[in-house]
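1. Fold the following for me, if possible:
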Amino acid sequence: MRLDALLVASAARLAAAGSPTPRLDAEVLLCHLLEVDRTWLYTWGDREADPATAERFAALLARREAGEPVAYLTGEREFWGLRLATEPSTLIPRPDTETLVEAALEKAGAAGGRLLDLGTGTGAIALAFASERPGWRVLGVDLRPEAVALARRNAERLAIANAVFRQSDWFSALEAAEGEAAERFELIVSNPPYLADDDPHLARGDVRFEPASALVAGDGGLADLHHLVRTAREHLAVAGWLMLEHGAEQGGAVRQALISAGYAEVATRCDLAGLERVSLGRWPGR
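-> Sure thing, here's the model as predicted:
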């Protein structure tokens, strides 16, 4: 079968299976197998798919029909123009999270400083920021050692030298020894778990295949957000900023938590869809 005909048939199958982007999914999977870009597919669509490629493509297509995320099938996802390796042990980087990167870059006015990314996963936020601010030192931490290893591999393949990664349960590996000062950062950012355990999104789309530990939090999805608001104060430099990604309906609760904890200049940023996505506050110090 010609490649263009194969894509048409495959997109129809994925549409019937409920994919929101059937044509794009089919193109990305085929490009992955052929090691070409999408422009090549449109230029050379009249070429025949060899039997081996067609067989491998059919296998990937069946897995996508069953709902497996394209990013896990190809092992990569683009974020902030960076091609990141992905694994089922970590969340898939999403465009909404670029709102958090944009907010961090806006507040990082100085030539240098320190940024901490809590729950770094693939390293997407840390690496995006580090790529734009080479004078800053960036630390990403994650509870899962496999996530830390993946983030380190992404840093190496992207040749981003000013970002390092460490295993830590939130701030646990950063706590000061007795008589020593705690590590402090001008910016602390996080995309923590913020879905309630009964959130309907957990039963739909790519989320079904992503690790629940990186998605679900207690207290209706607010537990980790509240924990970070309370504990980040001990690790922020004076006038440093805490920035948290959250659900579209959680902005009010997060703003109130920040205000109650003593943060100043509390605000919320919306994503490209106009939904409240990132809340932030400046720590004035004690």
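2. sec struct for Leu187, please.
-> Judged by DSSP: H, G, I helix; E, B strand; the rest coil, the three-state class of Leu187 is strand.
3. list the contacts for the closest residue to His32 other than its chain neighbours?
-> The shortest distance from His32 to any non-neighbouring residue, by C-beta to C-beta, 6 or more residues apart in numbering, is to Thr74 (4.3 Å). The way it works is simple: take the backbone N, C-alpha and C, and place the C-beta from them, glycine included. Taking C-beta atoms under 8 Å, 6 or more residues apart in numbering, we find Thr74 in contact with Val28, Leu29, His32.
4. who wins for neighbours among these?
-> Greatest neighbour count in those, by other C-beta atoms under 10 Å, goes to Leu29: 22 neighbours.
5. what residues does the helix or strand of the chain with the lowest mean pLDDT touch?
-> When each helix and strand of the chain is scored by mean pLDDT, DSSP states H and E, helix 38-43 comes last, with a mean of 92. Applying C-beta under 8 Å, 6+ apart, the contact partners of helix 38-43 are Leu3, Asp4, Leu7, Glu27, Val28, Leu30, Cys31, Leu34.
6. Can you list the buried residues in that helix?
-> Leu41 (16 or more other C-beta atoms under 10 Å).
7. before we move on, back to that, list only those of the contacts of helix 38-43 flagged as buried.
-> Burial by neighbour count, judged by 16+ other C-beta under 10 Å, picks out Leu3, Leu7, Glu27, Val28, Leu30, Cys31, Leu34 from these.
8. Might you report the residue contacts of the most centrally placed residue in the chain?
-> Nearest to the mean C-alpha position of the chain, by C-alpha atoms, centre = their mean, lies Pro93 at 3.3 Å. Pro93 is in contact with Arg77, Phe79, Leu84, Thr86, Gly121, Thr122, Ala124, counting by C-beta under 8 Å, 6+ apart.
9. Can you flag which of these belong to helices?
-> Ala124 (DSSP state H).
10. for the contacts of Pro93, which one is nearest Gly247?
-> Gly121 (17.3 Å; C-beta to C-beta).
11. Excluding covalently adjacent residues, which one is nearest to the closest one?
-> Thr90 (4.1 Å).
12. and if you look at Asn191?
-> Glu245 is the one closest to Asn191 (C-beta to C-beta, 6+ apart), at 4.1 Å.
13. Then Glu249?
-> Spatially, and ignoring its direct neighbours in sequence, Glu249 is nearest to Glu276 (7.6 Å; C-beta to C-beta, 6+ apart).
14. Check the secondary structure at Met243 for me.
-> strand.
15. If I look at it, what pLDDT would I see?
-> If you check Met243, the pLDDT there is 98.
16. wait, it sits on Val278?
-> Yes. Shown here, Met243 and Val278 form a contact pair, counting by C-beta atoms under 8 Å, at 5.9 Å.
17. Quickly list what's touching both of these two.
-> By C-beta under 8 Å, 6+ apart, Met243 and Val278 have these common neighbours: Leu100, Ala103.
18. Report the rounded mean pLDDT for stretch 89-103.
-> What stretch 89-103 shows for mean pLDDT is 96.
19. mind checking how far it is from the chain centre?
-> Distance, stretch centre to chain centre, for stretch 89-103: 4 Å (C-alpha atoms, centre = their mean, to the nearest Å).
20. do the same with stretch 61-72
-> 19 Å.
21. Please apply the same query to stretch 136-151.
-> A distance of 12 Å separates the centroid of the chain from that of stretch 136-151, by C-alpha atoms, centre = their mean.
22. what sits up against that stretch?
-> The contact list for stretch 136-151, computed with C-beta under 8 Å, 6+ apart, reads 85-87, 89-90, 108, 112-123, 125-127, 129-130, 162-170, 173-174, 185, 213.
23. buried stuff in it?
-> 136-144, 147-148, 150-151.
24. Buried residues, stretch 208-220. List them.
-> If you call a residue buried by 16+ other C-beta under 10 Å, then stretch 208-220 has these buried ones: Glu210, Pro211, Ala214, Leu215, Val216, Ala217.
25. separation between Leu34 and Thr53?
-> According to C-beta to C-beta, to the nearest Å, Leu34 stands 7 Å off from Thr53.
26. According to the record, where do the domains of this protein fall?
-> Domains of the chain are assigned by automatic domain parsing as 3-67, 77-283.
27. Ranking the ones you listed by mean neighbour count, which comes first?
-> Across those, averaging neighbours per residue (mean count of other C-beta atoms under 10 Å) puts domain 77-283 on top, at a mean of 18.
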